[in-house]
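**Student:** fold the following, please.
(one chain, ligands or ions: 1)
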Amino acid sequence: MSAPLQPQAGSVELDDVQGLVRFGYKHLTQACFLLLRVKDCDAARAWLAAAPVTSAVAIDPPPRTALQVAFTSEGLRALGVAADIVEGFSAEFVAGMSGDASRARRLGDVADSDPDRWEWGAARRVPHVLVMLYAAPGLLDEWRGSVLAQCQAGFEQQAALATSDMDGVEPFGFVDGISQPQLDWNRQRAARDEDQLDYTNLACLGEFLLGYPNEYGGYTDRPLLDPKSDAGAMLPRAEDVPDKADLGRNGSYLVMRQLRQDVRGFWQFLDRQAGGDAALRERWAAEMVGRTLSGDPLVSRSGKSAPSDAAASGPDLNDFTYQADPYGFFCPLGAHVRRANPRNADLPPGRPGIVSRLVRALGFDAGALDNDLVASTRFHRLLRRGREYGANVSIAQAVAGAAAGAESGLHFICLGANIARQFEFVQGAWMMGTKFNGLKSEGDPLLGHRQAGPDGTATDVFSIPRPDGPDKQLCGLPRFVTVRGGAYFFLPGIRALRYLVIAR
Ligand code: HEM
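**Tutor:** Below is the predicted model of the structure:
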């Protein structure tokens, strides 16, 4: 077995990383996402060559506006980037989110969420460039106008996706954005650390930034160029292949999906099931999410108690695992956050003690079979950067059937160095998987499409295990979330961004 790669402390070029990788810009409560298509390649390149992109360097006071730029593979081609460079990116980025029926099926983009029905992101509606604008209150409108005026010679605007400031609460009413992986910015964690058998929130930088070692101790594939094609020496050399220029370094992939939420449908369904009992409908909603409305986890740090035990609350709402709740009596096995991050380590879960550890390490634990799919969370983490949009409807209004106004939802955004292993795996295997964690007949209670499986199996059930009797089952769950658009983008390092639009 090879030795873990030793950490290389302090060598991240923060001034080359786009700020979104390091900051969620929560203080910039206004945001707008411009989806642009190239109409004049030279003019588009000229704007991008000088676009005021905000870096990941921390400044005090923090910026009042921030601008980020990302490209689809179609966009790179439209900007005249050479085909062999585009092909050097990952296959799923090159193929794009839509346009492949098998990918759509795996991601659950079926029926009402079929890409054919999307407002953007499919067929001729794939954007080329995403410009993300974040601004302090009151600054967005004028700034957006000036950015659009500057780039109109090069681009046509396909859409300007507005966002709403819901004060950290997503449209169903739950506090969001609590759990995030912690990036090892100081590069102190040894990659491929075989001694790291327990769940940890600290993630190798290479899971989120290209050009750095990932959790396997390897470097994720990205375009590595002959330095001759970088005459101006704009690009850094690859850490792992020093005779190549690294176009990926300090860049990340950005997954964006516009998810419409049926807030009325969600609360009215639960209200009907609970026979109008407000406390019960809220409890089941919390069990579907895996956290209470205010964000408390349903397991305590020890996992042995319900949230009424104050141990689960407190300043760190993220310091827990599900290890001591193997049957899901506190947080159901299929709850959204448990699917999204089972908080499992490389070693399958089990009882403490050296014998149990040995049995599990050698793979003799028959009960671990069901857990196989949920092991090794560290390879499937997502850095979420989404923003809410649309109308803010309270639970009371939703239950009372307030007249449907503007739609509400989430511009789901996540970053990762490997779209297939991170977003596509979490979405396809964990969210849409009907056999997740030994369950049957159920997809994610928030995101599931509810269509029957190929063998006719239902997927519209949500099981709530009970210690003192059979599972409580909520059946006939309607679809609560519909995909309205989406695309895979590359969020380049800032030098790579300039290289892509200056070098020919
Ligand atoms: C409209 C759709 C969605 C809603 C309403 C929603 C809601 C939530 C809420 C309320 C939380 C708990 C707060 C937190 O831990 O930050 C959460 C956590 C999370 N969600 Fe979602 N989510 C949605 C879509 C997605 C999608 C599409 C994915 C990935 C494919 C995803 C992945 C995650 C992850 C990774 C976590 C953190 C889990 C953890 O580390 O404990 N979510 N979501």
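
**Student:** which residues of the stretch 151-300 of the chain lie near the ligand?
**Tutor:** Residues of the stretch 151-300 of the chain lying near the ligand by C-beta under 6 Å from any ligand atom: 170, 172, 174, 176, 177, 178, 179, 259, 261, 289, 291. Any C-beta I mention is one placed from the backbone N, CA and C, and that applies to glycine too.

**Student:** just the ones of these in helices?
**Tutor:** Those of these mapping onto helices are residue 289, per DSSP state H.

**Student:** kindly write the ChimeraX command that selects the buried subset of the residues of the stretch 151-300 of the chain next to the ligand.
**Tutor:** A single ChimeraX command is used to select the members of these judged buried by 16 or more other C-beta atoms under 10 Å:
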select :170,172,174,176,178,179,259,261,289,291
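
**Student:** of the residues of the stretch 151-300 of the chain next to the ligand, closest to residue 118?
**Tutor:** Nearest to residue 118 among those: residue 259, at 11.4 Å, using C-beta to C-beta.

**Student:** what sits against residue 29?
**Tutor:** 136, 137, 165 (C-beta atoms under 8 Å, 6 or more residues apart in numbering).

**Student:** now for the residues of the stretch 151-300 of the chain next to the ligand: which two are most distant?
**Tutor:** The most distant members of these, if one measures by C-beta to C-beta, are 179 and 261, lying 19.4 Å apart.

**Student:** residue 387 versus residue 439, what's the distance?
**Tutor:** Distance of residue 439 to residue 387, given as C-beta to C-beta, to the nearest Å: 31 Å.

**Student:** please identify which of those two sits among more neighbours.
**Tutor:** residue 387 (26 against 21; other C-beta atoms under 10 Å).

**Student:** so what's that one bridging to?
**Tutor:** Legend: beta-bridge partners of residue 387 under DSSP bridges are residue 411.

**Student:** isn't it right next to residue 166, touching?
**Tutor:** No. Using C-beta atoms under 8 Å, residue 387 makes no contact with residue 166, being 9.1 Å away.

**Student:** helices of this protein, residue ranges please.
**Tutor:** Going by DSSP H, the chain shows helices at 41-50, 73-78, 83-87, 91-95, 101-107, 140-151, 263-273, 278-289, 336-340, 354-361, 395-399, 425, 494-502.

**Student:** who touches the fifth one?
**Tutor:** The set of residues external to helix 101-107 that reach it, using C-beta under 8 Å, 6+ apart, is 92, 95, 97, 98, 109, 110, 114, 115, 424, 427, 428, 432.

**Student:** what of stretch 391-398?
**Tutor:** 164, 166, 171, 173, 263-264, 266-268, 282, 402, 405-408.

**Student:** so which of these is the closest to residue 450?
**Tutor:** Looking across those and measuring by C-beta to C-beta, the closest to residue 450 is residue 266, at 13.0 Å.

**Student:** how about low-confidence regions in the stretch 251-400 of the chain?
**Tutor:** For the stretch 251-400 of the chain, the stretches flagged by pLDDT under 70 are 301-315, 346-375.

**Student:** measure the residue nearest to residue 92 when sequence neighbours are not counted to residue 483 for me?
**Tutor:** Nearest non-adjacent residue to residue 92, counting by C-beta to C-beta, 6 or more residues apart in numbering: residue 419, 4.6 Å away. Applying C-beta to C-beta, the value for residue 419 to residue 483 is 16 Å.

**Student:** which of the two has more neighbours?
**Tutor:** Legend: neighbour count by other C-beta under 10 Å for residue 419 and residue 483, higher for residue 483 (28 against 23).

**Student:** re the thing from before, buried ones among the contacts of stretch 391-398?
**Tutor:** 164, 166, 171, 173, 263, 264, 266, 267, 268, 282, 407, 408.

**Student:** any low-confidence regions in the stretch 51-200 of the chain?
**Tutor:** The low-confidence ranges in the stretch 51-200 of the chain, as defined by pLDDT under 70, are 192-197.

**Student:** make it 90
**Tutor:** Along the stretch 51-200 of the chain, the model assigns pLDDT under 90 to residues 187-200.
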